[in-house]
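> sequence first, predicted coordinates after that:
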Amino acid sequence: MTEENKKMLLEAGIDFDGLAARIPLKEDFILRMLSKYPNEKCFEGLEKAIAEKDYEEAFRNAHNLKGVTGNLEMTRLSDATSELVEKLRAKHYDGVEEDFARIKQEQEHVLKAISDLLSA
């Protein structure tokens, strides 16, 4: 992995070095893990649940997304999702749509960085 690629990932909120330090596996395996993320369905489930105001389902999907993104060191996306999880856990629904908008923005950054990395 080039330093330029690591920098690009870090700018999207993905700490590749942190992931590599926590999961001491070969770089190509870590890249395969990242390449599988775009197929993860919990973001889509969260988006649908928020649109339908099904906050119990939103909580389940947000909690799953928090775990996946945390494990993959997608720090900004994980942090944004964690905030929503805690709000939903406490059943505080004011501002949920705005919180989801932040998650969606971070998701787009992550997906673009992964796409750029894999196409390089």
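Arrived safely.
> tell me the buried residues in the lowest-mean-pLDDT helix or strand in the chain?
Least confident helix or strand, the chain: helix 16-22 with a mean of 85, by mean pLDDT, DSSP states H and E. When burial is assessed from 16 or more other CB atoms under 10 Å, helix 16-22 yields the following buried residues: 16, 19-20. C-betas here are computed from N, CA, C, even on glycine.
> repeat that for stretch 36-48.
Buried-residue list, stretch 36-48, by 16+ other CB under 10 Å: 37, 42-43, 45-47.
> which residues sit against that stretch?
The set of residues external to stretch 36-48 that reach it, using CB atoms under 8 Å, 6 or more residues apart in numbering, is 57-58, 60-62, 64-65, 68, 72, 74, 100, 103-104, 107, 110-111, 114-115.
> again with stretch 18-33
So stretch 18-33 is contacted by 1, 16, 72-73, 75, 117-118 (CB under 8 Å, 6+ apart).
> just the C-alphas of it, formatted as CSV.
The C-alpha coordinates for stretch 18-33 follow below in CSV (Å, rounded to 0.1, in the frame of the first residue of the first chain):
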residue,chain,number,x,y,z
GLY,A,18,-4.6,1.4,12.7
LEU,A,19,-6.5,-1.5,11.1
ALA,A,20,-3.2,-3.2,10.1
ALA,A,21,-1.9,-2.7,13.7
ARG,A,22,-5.0,-4.1,15.3
ILE,A,23,-5.4,-7.0,12.8
PRO,A,24,-1.9,-8.2,12.1
LEU,A,25,-2.7,-9.8,8.8
LYS,A,26,-1.2,-9.4,5.3
GLU,A,27,-2.1,-6.2,3.5
ASP,A,28,-3.9,-8.0,0.7
PHE,A,29,-6.3,-9.7,3.2
ILE,A,30,-7.1,-6.3,4.8
LEU,A,31,-7.8,-4.9,1.3
ARG,A,32,-10.1,-7.8,0.6
MET,A,33,-11.9,-7.0,3.9
